[in-house]
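Student: For reference, the sequence and a predicted model appear below.
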Amino acid sequence: MRSSRDLASRARRWPAALALALLLPLTGCATGADSGPGGDPSATGPGSAGGPGTATATATAAPAPEVRGQLRADDRTRRYLLHRPAATDDPKPLLIAFHGRGADAAELREKSRLERAATARGMLVAFPEGLDHGWGAGTLATKQRPDPGLDVRFTEALIKHLVRTEHADPERVYATGFSNGGSMALRMAAERPDLLAGAVSVSGQLPAGDAAVKPTGPLPVMVVYGADDPVRPLAGWPSPPPDPEEPILPSLSARDTAAAFAAAGGAGKPVAREEKGYDRTVWRLKDAALADSTAAATEAAAAAATVQLLVVHDAGHTWPGSTVAPPDGFGPVSKALDATGTLLDFLTGSGR
């Protein structure tokens, strides 16, 4: 569990805005994911095969705008897309972005354009692929996902691999996601607050009931949610209807989701305000401002240690600001909020 002093230390390491780098084209350099089960022997990077929590992965010899990688974890081959910023010797922030149920990494990349905005800020962006196009975001074992901890361990292995091979900064690892992927990002934030420096969920809530996920420590978290979501209601879904493909997990409301993270961080009463196109509610985590005696550190710690809920008006089960039309029945896309820029500003410290 991260202490208030840890939060203040992290706040001093988080710049108000990361330096801009040249946008990289999306013409990719593929590795083992496209080269068969063993990958290209000439492209095999460091790693160790083994049981749960260990991984091997392919890698390219030189930096490339996009890498299609594969990683061995829990005796399974898992795949991911990786976008690199301009090459530097400095440790790089890392953003893990989980796609929604029934989608894939490329779909989230296209919808969010996270790879453009984040790599322009000097961040690595990894889009992992879920098994059967989904994530084990809850703690309940199901027929489709008999091991509810599998994706948590895969994410841990992916982060460790990218720290080792891509010079990702272990002190600046963030998670985000959409829908089921947003719930997966929240699960990582809840169960592994020591592994992450922050998380943002778009249209995803904490699982509840028998699948409940409960935050275990203080962490900056933002929940972005459409006020008119017809797929996963803003008020939560304690008793979702059955689904023939895979059970839909019950969930807390968007507000109760944010409040759970606030409570885990000892936050006080929230402050709510109306902004153009959305409502923002902010909780400040307990004692963060007291973690250091200097005025500068106090201000940085207070800014870093927040939990926020953004309820977007006239928005459905969609990614606000996206130019990609959502599926039928998902509701409208708000143009009043750029979810991509907002979440990156929050995670890097300039939007809290």
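Tutor: Thanks, I have the structure now. Remember, predicted model here, so these are calculated numbers, not experimental data. Residues are numbered from 1 along each chain as shown.

Student: Strands along the stretch 51-200 of the chain, start to end?
Tutor: 66-73, 76-83, 92-98, 124-128, 168-178, 198-202 (DSSP state E, counting those that start in this stretch).

Student: which helices and strands sit right next to the third one?
Tutor: If I follow you right, that is strand 92-98. For strand 92-98, the packing partners by 3 or more C-beta pairs under 8 Å, 6 or more residues apart in numbering; DSSP states H and E come out as helix 105-112, helix 114-120, strand 124-128, helix 150-165, strand 168-178, helix 180-191, helix 339-348. (Glycine included, C-beta is placed from N, CA and C.)

Student: any idea how far the residue nearest to T155 when sequence neighbours are not counted lies from G329?
Tutor: Among residues not flanking T155 along the chain, M188 sits closest, at 5.8 Å (C-beta to C-beta, 6 or more residues apart in numbering). Distance of M188 to G329, given as C-beta to C-beta, to the nearest Å: 28 Å.

Student: ditto for A118
Tutor: As for A118, its distance to G329 is 30 Å (criterion: C-beta to C-beta).

Student: higher neighbour count, the two?
Tutor: Each of A118 and G329 has its neighbours counted (other C-beta atoms under 10 Å); A118 has more, 27 against 9.

Student: I'd say that one and L95 touch.
Tutor: Yes: proximity of A118 to L95 meets the contact threshold set by C-beta atoms under 8 Å, at 5.4 Å.

Student: Between those two, which contacts overlap?
Tutor: 124-125, 344 (C-beta atoms under 8 Å, 6 or more residues apart in numbering).

Student: out of those, who's nearest H133?
Tutor: V125 (19.7 Å; C-beta to C-beta).

Student: wait, what's in contact with that closest one?
Tutor: So V125 contacts 82-83, 94-95, 97, 114-115, 118-119 (C-beta under 8 Å, 6+ apart).

Student: Where does pLDDT dip in the stretch 251-352 of the chain?
Tutor: 287-304, 350-352 (pLDDT under 70).

Student: And the helices in it?
Tutor: 254-264, 295-304, 339-348 (DSSP state H, counting those that start in this stretch).

Student: The residue nearest to T155 and L206, how far apart?
Tutor: 12 Å.

Student: Of the two, which one has the most company?
Tutor: L206 (31 against 26).

Student: Okay, that one and K276: tell me how far apart.
Tutor: 28 Å.

Student: Can you tell me the closest non-neighbouring residue to V333?
Tutor: For V333, the spatially nearest residue (C-beta to C-beta, 6+ apart) is T318, at 4.5 Å.

Student: Pull the contacting residues for that neighbour.
Tutor: 203, 226, 326, 330-334.

Student: ok, of the residues you listed, which one's closest to P146?
Tutor: S203 (26.5 Å).

Student: which residues touch that closest one?
Tutor: 100, 178-179, 182, 224-226, 229, 231-232, 317-319.

Student: quick revisit: of the helices and strands packed on strand 92-98, which stretch is the most buried?
Tutor: helix 180-191 (a mean of 28; mean count of other C-beta atoms under 10 Å).

Student: Please compute how far that one lies from its chain's middle.
Tutor: Distance of helix 180-191 from its chain centroid, counting by C-alpha atoms, centre = their mean, to the nearest Å, is 7 Å.

Student: picking that back up, now the buried members of the contacts of T318.
Tutor: Applying 16 or more other C-beta atoms under 10 Å to the contacts of T318, the neighbour count classes 203, 226, 326, 330-334 as buried.

Student: For the spatially closest residue to L162 that is not a sequence neighbour, give the beta-bridge partners.
Tutor: Nearest residue to L162, sequence neighbours excluded (C-beta to C-beta, 6+ apart): A168, at 4.4 Å. Bridge pairing for A168 (DSSP bridges) gives the partners K92.

Student: my read: A168 touches D90, true?
Tutor: No: contact status for A168 versus D90: not in contact, 11.0 Å apart, counting by C-beta under 8 Å.

Student: State the distance from the residue nearest to V333 to T176.
Tutor: Distance from T318 to T176, by C-beta to C-beta: 15 Å.

Student: Equivalent analysis for P332, please.
Tutor: Separation of P332 from T176 (C-beta to C-beta) stands at 21 Å.

Student: Same question for K160.
Tutor: 19 Å.

Student: swap in Q205?
Tutor: Distance from Q205 to T176, counting by C-beta to C-beta: 14 Å.

Student: Pretty sure R113 sits against A339.
Tutor: No: look at R113 against A339 with C-beta under 8 Å: they stay out of range, at 10.2 Å.

Student: any common contacting residues for those two?
Tutor: S322.
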